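Undergrad: Take this sequence and fold it.
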Amino acid sequence: MTRGDRPARLKATGVSRRYRRSGGGDVVALDAADFEAQGGELVLIMGPSGSGKSTLLAIIGLLDPADDGAVFLNGIDVTRAGEDERARLRRTHLGFLFQDAGLIDRKPILDNTALPLIYRGVPRRERENRAQAALEAVGLADRMHHAPGELSGGERQRAGLARAIVCNPDILICDEPTAALDAATAQDVARRISEMKERGAAVILATHDRDLVPLADRIYEMRHGRITEAGAPT
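TA: Predicted coordinates for the structure are as follows:
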């Protein structure tokens, strides 16, 4: 089956998002955007701060509803899903990694990584085994009992990635995960993120870092809430 013969893991058609100004009138954060990501590919969403990248990720990641348009997850229209259903779909199908890894300071990295499995009702022993495997996959096997404050910035991002992939999501959504890292560490974290596509996941990475272009299978450019597909890197 070719890519065009199967439904996109994630697809958005004509999605828009508007916010009310405090002084009146609307701000158009996202303007009739079309987007899709297939399983087994890494898609970059590129653009400067304020271009609408995070708004798009919130909508396709089922964190926020769109004002207009439609969102499809694994070929199913989820546009009108309620809050509880969106939460269930996120737990079942999606993993998230943000610029701030969002780790809980008082918990060791192993417990941080296992946290999504608790919400899925996975037994404790299995949670620990799967969390250890995820940490090994990102090169943190020797740091799993450390607290987040004992890790470097790059290690914290890799720990955040382990937590994002511990449930083996269909879709991995990353919002500026390398922005606060030096160039070498950013490349290492991005390379580990890109390995998820080998598992068949759709990997979506919003960034303004052009050094990540060689990792992409497809690129979208955003400006002022509008999105255009730039194709694959050459």
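Undergrad: The spatially most central residue of the chain in helix, strand or coil?
TA: Central residue of the chain (C-alpha atoms, centre = their mean): Ile173, 1.0 Å from the mean position. Secondary structure assignment for Ile173 (DSSP: H, G, I helix; E, B strand; the rest coil): strand.
Undergrad: With Ala230 instead?
TA: When classified by three-state DSSP, Ala230 comes out as strand.
Undergrad: Tell me the confidence at the nearest residue to it once chain neighbours are set aside?
TA: Nearest non-adjacent residue to Ala230, counting by C-beta to C-beta, 6 or more residues apart in numbering: Ile219, 4.3 Å away. For glycine as for every other residue, the C-beta is placed from the backbone atoms N, C-alpha and C. Reading off the per-residue confidence, Ile219 sits at a pLDDT of 96.
Undergrad: Please apply the same query to Ala8.
TA: Per-residue confidence (pLDDT) for Ala8: 67.
Undergrad: which other residues reach the lowest-mean-pLDDT helix or strand in the chain?
TA: Of all regular secondary-structure elements in the chain, judged by mean pLDDT, DSSP states H and E, the least confident is strand 226-231 with a mean of 86. Strand 226-231 is touched from outside by 31-35, 45-46, 52, 56, 218-221, with contacts defined as C-beta atoms under 8 Å, 6 or more residues apart in numbering.
Undergrad: List the beta-bridge partners for the residue nearest to the centre of the chain.
TA: Beta bridges link Ile173 to Phe96, Ile204, judged by DSSP bridges.
Undergrad: Let me see the ranges of the helices in the protein.
TA: Taking DSSP state H as the criterion, the chain contains helices spanning 53-60, 83-93, 109-119, 124-137, 153-165, 183-194.
Undergrad: Tell me what angle the longest one forms with helix 153-165.
TA: This points to helix 124-137. Orientation of helix 124-137 against helix 153-165 (axes from the mean of the first three to the mean of the last three C-alpha atoms, to 10 degrees) gives an angle of 130 degrees.
Undergrad: how about helix 124-137: buried residues?
TA: Neighbour counts over helix 124-137 (16 or more other C-beta atoms under 10 Å) mark 127-128, 130-132, 134-135, 137 as buried.
Undergrad: Just the closest of these to Asp67, please.
TA: Ranked by distance to Asp67 (C-beta to C-beta), these are led by Ala134 at 36.0 Å.
Undergrad: Tell me who's in contact with that closest one.
TA: Residues 113, 162-163, 165-166 are the ones in contact with Ala134 under the rule C-beta under 8 Å, 6+ apart.
Undergrad: isn't Leu56 right up against Ile45?
TA: Yes: under the contact definition of C-beta atoms under 8 Å, Leu56 touches Ile45, with a separation of 6.5 Å.
Undergrad: Now for those two: what residues contact both?
TA: Listed as contacting both Leu56 and Ile45 by C-beta under 8 Å, 6+ apart are 35, 206, 222, 227.
Undergrad: how about a markdown table for those, with distance to Ile104 and neighbour count added?
TA: Shown next, in a markdown table, are the shared contacts of Leu56 and Ile45 (distance: C-beta to C-beta, whole Å; neighbours: other C-beta atoms under 10 Å):
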| residue | distance to Ile104 | neighbour count |
| --- | --- | --- |
| Phe35 | 31 | 24 |
| Ala206 | 24 | 25 |
| Met222 | 32 | 24 |
| Ile227 | 34 | 24 |
